[in-house]
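Undergrad: Here is the input, now give the coordinates:
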Amino acid sequence: MRVLVIEDDEDLRLGVAGSLRGAGFAVDAVGDLPAADEALMVNAYDCAVFDRMLPSGDALHYVRARRPAAPVLFLTALDSVINRIEGLEAGDDYLVKPFAMDELVARVRRLCRLVTSGRPPVLRCGDLEVDTARHEVRRAGVLLTLTAREFTVLEHLVARQGAPAARQELLQQAWDRYVDPNSNVLDVLISGLRRKLQQPPMIHTVRGVGYRIEPA
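TA: Model prediction:
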């Protein structure tokens, strides 16, 4: 899942982005609305986290006028009832500062699920089960221990099972826009996934395209 964070406080921006990346999200983080506007035009996001009061104005007005395709979570110190109502009417969730990072991660994960609400909560491919709500993966009933990025890539592959997922598509899902498309980070991750999924193999290389998962 890919998330855009718009926060002008550098320390908080880095903290939020770091917590989300640690939870397995690909994160782009910017400091003001013009940069957010550019990012939203270029990339597809599963959630956008807006600080309300930014140097170029109230993000609430920006969201009302342009309505990003992704669900919107507002972060703000404005905590009156009317402020909360305005935020929920313009966006999809509203979190008052200061907040616990674990709660932020949980709220972002819930909003990202809105994007994939048409999917069943448990994705299956042969004897492989990916529980998107519990963030658990089992093969032949055995619980597997995956990193957050491994889970993100595997979930995306299983959701598209039978069809190849392009390298760039997988990189955008699990890393941010600064990842080098020529690096081998995805290949290393796939190698680790194959090892953890054990035999018989399920993840196959599609030469010149990316990877595909199929029932063994």
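Undergrad: need the longest helix for the protein.
TA: Ranked by residue count under DSSP state H, the longest helix found in the chain is helix 101-115.
Undergrad: tell me what the very next helix or strand once past that helix is packed against?
TA: Scanning forward in sequence from helix 101-115 by DSSP states H and E, the next helix or strand is strand 122-125. Packing contacts for strand 122-125, counted by 3 or more C-beta pairs under 8 Å, 6 or more residues apart in numbering; DSSP states H and E, involve strand 128-131, helix 148-159. C-beta coordinates here come from the backbone N, C-alpha and C atoms, glycine included.
Undergrad: Okay, buried residues for the first one please.
TA: Right, strand 128-131. Within strand 128-131, the residues that count as buried by 16 or more other C-beta atoms under 10 Å are Leu128, Glu129, Val130.
Undergrad: again with stretch 180-189
TA: So, applying 16+ other C-beta under 10 Å, buried residues of stretch 180-189: Leu186, Leu189.
Undergrad: Format the helices and strands packed on strand 122-125 as JSON lines; extra columns: distance to Leu95.
TA: Compiled in JSON lines, the helices and strands packed on strand 122-125 are given as follows (distance: least, C-beta to C-beta, whole Å):
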{"stretch": "strand 128-131", "distance to Leu95": "26"}
{"stretch": "helix 148-159", "distance to Leu95": "21"}
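Undergrad: deepest of the ones you listed, which one?
TA: helix 148-159 (a mean of 21; mean count of other C-beta atoms under 10 Å).
Undergrad: from the middle of its chain, how far away would stretch 78-88 be?
TA: Stretch 78-88 has its C-alpha centroid displaced from the chain centroid by 26 Å (C-alpha atoms, centre = their mean, to the nearest Å).
Undergrad: wait, I meant stretch 27-45
TA: For stretch 27-45, the distance to the chain centre is 14 Å (C-alpha atoms, centre = their mean).
Undergrad: for it, what is the average pLDDT?
TA: Stretch 27-45 comes out with an average pLDDT of 89.
Undergrad: Low-confidence ranges, this protein, go.
TA: Counting by pLDDT under 70, the chain shows low-confidence ranges at 115-120, 177-178.
Undergrad: Between the buried residues of strand 128-131, which sits nearest Leu114?
TA: Val130 (18.2 Å; C-beta to C-beta).
Undergrad: partners of that closest one in the sheet?
TA: Assessed by DSSP bridges, Val130 has beta-bridge partners Leu123, Val137.
Undergrad: residue contacts, it?
TA: Contact analysis of Val130 by C-beta atoms under 8 Å, 6 or more residues apart in numbering lists Val122, Leu123, Arg124, Glu136, Val137, Phe151, Leu154, Glu155, Val158.
Undergrad: Val72: what's its closest spatial neighbour, skipping adjacent residues?
TA: Spatially, and ignoring its direct neighbours in sequence, Val72 is nearest to Gly91 (3.6 Å; C-beta to C-beta, 6 or more residues apart in numbering).
Undergrad: Next, find the distance separating that neighbour from Leu60.
TA: Distance, Gly91 to Leu60, by C-beta to C-beta, to the nearest Å: 8 Å.
Undergrad: Leu143 falls within a strand, correct?
TA: Yes. Under DSSP: H, G, I helix; E, B strand; the rest coil, Leu143 sits within a strand.
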